[in-house]
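1. sequence isn't available, so here's the structure alone:
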């Protein structure tokens, strides 16, 4: 249950929260969609990291949401189910492992991200991809926390 007033327009609690500042909602949506529409990073990698962030932060609403771009690129529910033990699961690639490790540190201890952590990701991503990946993590982290802080439980309009 959100503590925000239910006065703003929108189909979901997420949209209604942003509806209190409608000029920001369109800009947020446009920016967030760039990572999926332009595909600067593999959508499977992005979706695995988005879902892992949701797991670590305990956001059930984000965990219940799936990006169709990642599903179309081959991400399965079986692989998603293995996310809680990705370090021990055999079906994650080297790039996925490096990105998941980086994503976890990014949200739990940003000052603890080392040059070696970044180099592990940079071994698989070009410099522009690395920037886009890090920006995507910031969006995933920030808006997962936004949902949690505001008590927004329903799935976001995508």
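-> That came in fine, so what should we check first? All values reported here derive from a predicted model rather than from experimental measurement. Numbering: from 1, shown residues only.
2. what residues sit buried inside the longest helix seen in the chain?
-> Of all segments of type helix in the chain, defined using DSSP state H, the longest is helix 127-150. Applying a neighbour-count criterion of 16 or more other C-beta atoms under 10 Å, the buried positions in helix 127-150 are 129-130, 132-134, 136-137, 139-141, 143-144, 146-148. Every residue, glycine included, has its C-beta placed from N, CA and C.
3. out of those, who's nearest residue 38?
-> Compare each of the buried residues of helix 127-150 with residue 38 using C-beta to C-beta and the shortest gap goes to residue 132, at 8.3 Å.
4. returning to that earlier point: show me what the longest helix of the chain packs onto, helices and strands only.
-> Taking 3 or more C-beta pairs under 8 Å, 6 or more residues apart in numbering; DSSP states H and E as contact, the helices and strands that helix 127-150 lies on are helix 13-19, helix 22-37, helix 43-57, helix 60-63, helix 94-108, helix 115-122.
5. out of those helices, nearest to residue 83?
-> Proximity to residue 83 (C-beta to C-beta) singles out helix 43-57 among these, at 5.5 Å.
6. who touches the closest one?
-> Residues outside helix 43-57 that contact it (C-beta atoms under 8 Å, 6 or more residues apart in numbering) are 35-36, 60, 62-63, 66-67, 69-70, 72-75, 79-80, 83-84, 86, 92, 95-96, 99-100, 103-104, 107-108, 133, 136-137, 140-141, 144-145, 148.
7. check the helices and strands packed on helix 127-150 for me: which has the lowest mean pLDDT.
-> Least confidently modelled of the helices and strands packed on helix 127-150 is helix 13-19, at a mean of 76 by mean pLDDT.
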